[in-house]
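Q: Here's a sequence, model it:
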Amino acid sequence: MCFSANASFAAGIAISAVGVITLKKVQAPSQIVFASIPLIFGIQQLSEGVLWLSIPDPSLAGAQQVATYTFLFFARVVWPLWVPLAIFLLENEGKRRKMEKVLLILGVGVAAYFTLTLLLEPTEAVISEHHIFYKQDYPASYRASAFYLPV
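A: Next up is the predicted model:
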């Protein structure tokens with residue numbers, strides 16, 4: 001999202017603060033997952049700030065690896081699950097709730113696929129043209145199995 005360490009840290013702090021305020025406004029347990037979205041996104045942005053500082057500094061390779069996997073875990077695993085779950089928990093109307101359940105199941109599939117790639121494939125973050133580019137292979141065998149639906 002951001003184009004520098006300062007921007008990532010500023011966004012992360014501001015968005016996290018909004019998340020804390022949002023969580024304080026929760027009136028029902030079903031709202032907690034939805035209300036925590038800004039806080040989680042703020043944490044994701046803070047991890048990207050660490051990447052901006054650690055990528056150019058070889059002595060911070062350990063921090064870079066942790067921040068890379070943290071950012072990608074949120075981007076590729078948490079969000080496909082969290083957003084449909086948050087909406088599903090808020091929805092009371094039967095027909096819409098069934099549709100939200102379908103989207104949640106699809107989110108589980110997407111999250112499982114990306115979890116597999118994060119665990120099994122090499123992953124690297126590099127700075128390229130004022131943004132962070134995440135290099136990762138997505139083998140065809142994973143893609144085929146991720147979208148296989150028994151008939």
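Q: for the longest helix seen in the chain, packing partners?
A: The helix that spans the most residues within the chain, counting by DSSP state H, is helix 94-120. Applying 3 or more CB pairs under 8 Å, 6 or more residues apart in numbering; DSSP states H and E, one finds that helix 94-120 makes contact with helix 61-72, helix 79-90, helix 140-146. C-beta: built from backbone N, CA, C; applies to glycine.
Q: Pull up the gap between F9 and A125, please.
A: Here F9 is placed at a distance of 16 Å from A125 (CB to CB, to the nearest Å).
Q: so how far is E121 from F73?
A: The gap separating F73 from E121 is 14 Å, by CB to CB.
Q: Between these two, point out the one with more neighbours.
A: Legend: neighbour count by other CB atoms under 10 Å for F73 and E121, higher for F73 (17 against 13).
Q: And for the more buried one, nearest residue in space, chain neighbours not counted?
A: L118 (6.7 Å; CB to CB, 6 or more residues apart in numbering).
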